[in-house]
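Trainee: Provided below for reference: sequence and predicted model.
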Amino acid sequence: MPSLNSKDRIVIVDFGSQVTKLIARRIREFGVFSEIITLKDLHKIKYYKNIKGIVLSGGPSTVTKKNYPSISKEIFLKKIPILGICYGLQLISKIFGGSIKSLKKKREFGRAMLYKKRGSLLTNNFFFKKNISVWMSHQDAVSKLPIGFHTVASTKDSKLTIIENTKDKIYGVQFHPEVTHTENGKKIIKNFIFSICKAKKSWRIKSEQKRLINEIKETVKKDKVICALSGGVDSSVVALLINRAIKKNLVCIMVDTGLLRKDEFKYSFYIFKKKYKLNVKLVNAKNLYFKKLKNVSDPEKKRKIIGNLFIKIFEKEAKKTKGIKYLAQGTLYPDIIESKSVTGSHSSKIKSHHNVGGLPKKMKLKLIEPLKEFFKDEVRILGKSLGLLNKIKDKHPFPGPGLGIRIIGSVTPKKIKILQEADFIYINELVKHKLYNKIWQAYAGLLPMKTVGVMGDSRTYEYTCLLRAVVSEDGMTADYFNFPKDFLDKISNKIVNGVPGINRVVYDITSKPPSTIELE
Ligand code: XMP
């Protein structure tokens, strides 16, 4: 079985751009394995085989000041093709004797029109028309070409927008070809990995399945693995994968927190126990959760209570099962990248995410994270090849603290019931109108402030339901979804008529940033 290490790969050196992950995704979409690496870990690449190309990402730093993040010139001596994007281009230019200036008044954020100056392997079939709209996000620009380089394309405000040194196979682009706002941007990535790096397509999610199952078998041997199964995409795929490898030695714990969507817990339990025949243990903890959450309205306190209680319950259940040595988690590749500090800068904590973190240390279990090399869409493909039902495979992401953070303020069984009913109507209508799979995440939230309404001839004084629907690539940024007015009318009617306790429906039209996807 070929290991991951034997595959052709493109290494992306991360300088802290918000969209570095997209570069990795785009490359993988073309069937070539890609890996993001921090500057701190860069020395490790000497142990890698088969590096076919290196991408230097964008980032918030500037080479016009002292102490900018850089790489050693030695990397360029290895004759591995290199592509610098935005900051990456500026760094290449700086290293090879070009000049970089801060544009100040002429900085480019958003779209710019790019025009061709000369042909290049990098831009083959990219200029399908005279001017291409590209996505820029920079203050600095290369003002003097580095030695040995040519200009391939320009915009009005930054003349050296694509540059190349074909002899040494070093390329740089000022814009972001990895974002969808750049027209035809995928062509640049494709040309780089195939025409310039000559990488072979060897990344197929389906065939990764065999490798993963073998690795789990070899690691776990005759020991037992425990896993928290929520019925979401990630934990479901982890459970099915490990079950293929070690069968009954996988023990799945399902905790009913009372904070899941309507009927979801019952459905997941049934499917995993009856259809997939997994070894599932059920824990009913609804009352305990409601008791602990009584009168708590601070979002962070709610998150902590829900997370800590989960750990306690899970620990207790694990102790009841003899011989557990491993804990399986559905950690994804973006989680791994996000947890590494890229340039040493500190970002502010927006929310404490609850993902059963802290468990392995406390329980002295070894961790297995079979999905840690995968993006969410890749996990879905893996799920499909393991026979995961579409209904689970295509489920929108659901936060660890569940409906607990979709009710503003204190959580009660009554409010949960109201919210579950509204959410059920909303999600079913999305499915019925074939909108569900066009949306990255949708849910109903409860704003438990009361307002006056009128139904029939009577006055009502009830809660407000907030509807959210966003499109996104990875949840880091998101745009609200543009529903047809008819659809919003219909949903509003159905919810107000069908859910006692709600007399007003609002649609959230904020993007992330400045909002977040969840309410708390
Ligand atoms: P925000 O609200 O931060 O959410 O824009 C981004 C994505 O993360 C999900 N989310 C969570 N997922 N545990 C999770 O596993 C959590 O505590 C948590 N909080 C938010 C959210 O649903 C969205 O997909």
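Mentor: Thanks, I have the structure now.

Trainee: Report the residue spans of the protein with pLDDT below the cut-off.
Mentor: Within the chain, the segments meeting pLDDT under 70 span 1-3, 106, 338-349, 353-362.

Trainee: Tell me which residue of it is furthest from the middle?
Mentor: Outermost residue of the chain with respect to the C-alpha centroid, by CA atoms, centre = their mean, is D457; its distance is 48.5 Å.

Trainee: Would you tell me what helix or strand the closest residue to P401 other than its chain neighbours is located in?
Mentor: Leaving out its chain neighbours, the residue that sits closest to P401 by CB to CB, 6 or more residues apart in numbering is I306, at 4.3 Å. Any C-beta I mention is one placed from the backbone N, CA and C, and that applies to glycine too. For I306, the enclosing helix or strand under DSSP states H and E is helix 299-320.

Trainee: buried set for that helix?
Mentor: 299, 302-303, 305-307, 309-311, 313-314, 317-318 (16 or more other CB atoms under 10 Å).

Trainee: So which of these is the closest to the ligand?
Mentor: Closest approach between those and the ligand, by CB to the nearest ligand atom: R303, at 6.4 Å.

Trainee: Kindly report the domain assignment for this structure.
Mentor: With domains defined by automatic domain parsing, the chain comprises 9-196, 208-393, 412-507.

Trainee: sorry, back to before: okay if I get the buried residues of helix 299-320 as JSON lines plus distance to the ligand?
Mentor: Converted to JSON lines, the buried residues of helix 299-320 look like this (distance: CB to the nearest ligand atom, whole Å):
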{"residue": "P299", "distance to the ligand": "10"}
{"residue": "K302", "distance to the ligand": "11"}
{"residue": "R303", "distance to the ligand": "6"}
{"residue": "I305", "distance to the ligand": "13"}
{"residue": "I306", "distance to the ligand": "8"}
{"residue": "G307", "distance to the ligand": "8"}
{"residue": "L309", "distance to the ligand": "14"}
{"residue": "F310", "distance to the ligand": "11"}
{"residue": "I311", "distance to the ligand": "13"}
{"residue": "I313", "distance to the ligand": "17"}
{"residue": "F314", "distance to the ligand": "15"}
{"residue": "E317", "distance to the ligand": "20"}
{"residue": "A318", "distance to the ligand": "20"}
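
Trainee: farthest-separated two in the residues you listed?
Mentor: Farthest-apart pair in the buried residues of helix 299-320 is P299 and A318; separation 28.7 Å (CB to CB).

Trainee: how about the strands in the stretch 201-350 of the chain?
Mentor: 224-228, 250-256, 280-284, 324-328 (DSSP state E, counting those that start in this stretch).

Trainee: okay, the angle between the first one and helix 299-320?
Mentor: It stands for strand 224-228. Interaxial angle, strand 224-228 versus helix 299-320 (axes from the mean of the first three to the mean of the last three CA atoms, to 10 degrees): 150 degrees.

Trainee: which of the residues in stretch 373-385 are buried?
Mentor: 373-376, 378-385.

Trainee: near the ligand, which residues of the stretch 401-520 of the chain show up?
Mentor: 401, 441, 475, 512, 516-518 (CB under 6 Å from any ligand atom).

Trainee: if you set the cut-off to 8 Å instead, what comes out?
Mentor: Residues of the stretch 401-520 of the chain lying near the ligand by CB under 8 Å from any ligand atom: 401, 405, 440-441, 472, 475-476, 478, 512, 515-519.
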